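Enquirer: 3D model of this:
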Amino acid sequence: VPPTGQGAEVRAPSFRDGPASWATSSAPRSEHKRNRVQHLTREIEMLAEELRPSHDLVAQRDGFFRELGKHLELEIPGCKVIPFGSAVTGLWMGDRDVDLSVEAPWNFGGADSRAARIQRLRRLLAVLRRLD
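Expert: You can find the predicted model right below:
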């Protein structure tokens, strides 16, 4: 590296300068980087804590799944409510929707023709609409 002064080129140490220059030039930079990473980590943890739903809200959500499942089972034997997505992975936020699937046996209501399946889906829809 040429001496600094009038007309001398100043440049950052490079890979070609060898290991001795890496340790001396990157120490303050790596400390600064480490501090920034730690600060960002704390901010992310604080945000995650703010967004995490309360235990009461989680209990309400789970109660909704149970009650919906019981109601559907009474109307359509063998019917199940199956939550998925963020509600299952633990990433659900209290002010968001929930993903759920309704699993119903295809043999409820009789025959297995296309028309019979459509009729069963309409019956399931009618049951769900009554809950509204």
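Enquirer: CA only for contacts and neighbour counts going forward, please
Expert: Will do.
Enquirer: Run through the protein and note the low-pLDDT ranges.
Expert: Across the chain, the ranges flagged by pLDDT under 70 are 1-27, 107-111.
Enquirer: what about 50?
Expert: 1-2 (pLDDT under 50).
Enquirer: Which secondary structure state does the spatially most central residue of it sit in?
Expert: Against the mean C-alpha coordinate of the chain, by CA atoms, centre = their mean, the closest residue is Leu91 at 4.0 Å. Assigned by DSSP: H, G, I helix; E, B strand; the rest coil, the conformation of Leu91 is coil.
Enquirer: And it, how far from Arg34?
Expert: 27 Å (CA to CA, to the nearest Å).
Enquirer: For the host helix or strand of Leu47, which residues meet the burial criterion?
Expert: For Leu47, the host element (DSSP states H and E) is helix 19-51. Judged by neighbour count using 16 or more other CA atoms under 10 Å, helix 19-51 contains no buried positions.
Enquirer: now stretch 91-107
Expert: For stretch 91-107, burial by neighbour count (16+ other CA under 10 Å) applies to 92-93, 98, 104.
Enquirer: Could you list the residues in contact with the helix or strand harbouring Ala87?
Expert: Element membership for Ala87 (DSSP H and E) is helix 86-89. For helix 86-89, contacts defined as CA atoms under 8 Å, 6 or more residues apart in numbering pick out 92, 98-99.
Enquirer: which helices and strands sit right next to the helix or strand following it?
Expert: Downstream of helix 86-89, the next assigned helix or strand under DSSP H and E is strand 99-103. The contact analysis (3 or more CA pairs under 8 Å, 6 or more residues apart in numbering; DSSP states H and E) places strand 99-103 against strand 80-84.
Enquirer: now the angle between strand 99-103 and the strand it packs on, please.
Expert: 150 degrees (axes from the mean of the first three to the mean of the last three CA atoms, to 10 degrees).
Enquirer: Just the buried residues of strand 80-84, please?
Expert: 80-81.
Enquirer: Any idea how far that strand is from the middle of the chain?
Expert: 17 Å (CA atoms, centre = their mean, to the nearest Å).
Enquirer: That one pairs with which strands, and in what direction?
Expert: The strands beside strand 80-84 in its sheet (DSSP bridges) come out as strand 99-103 (antiparallel).
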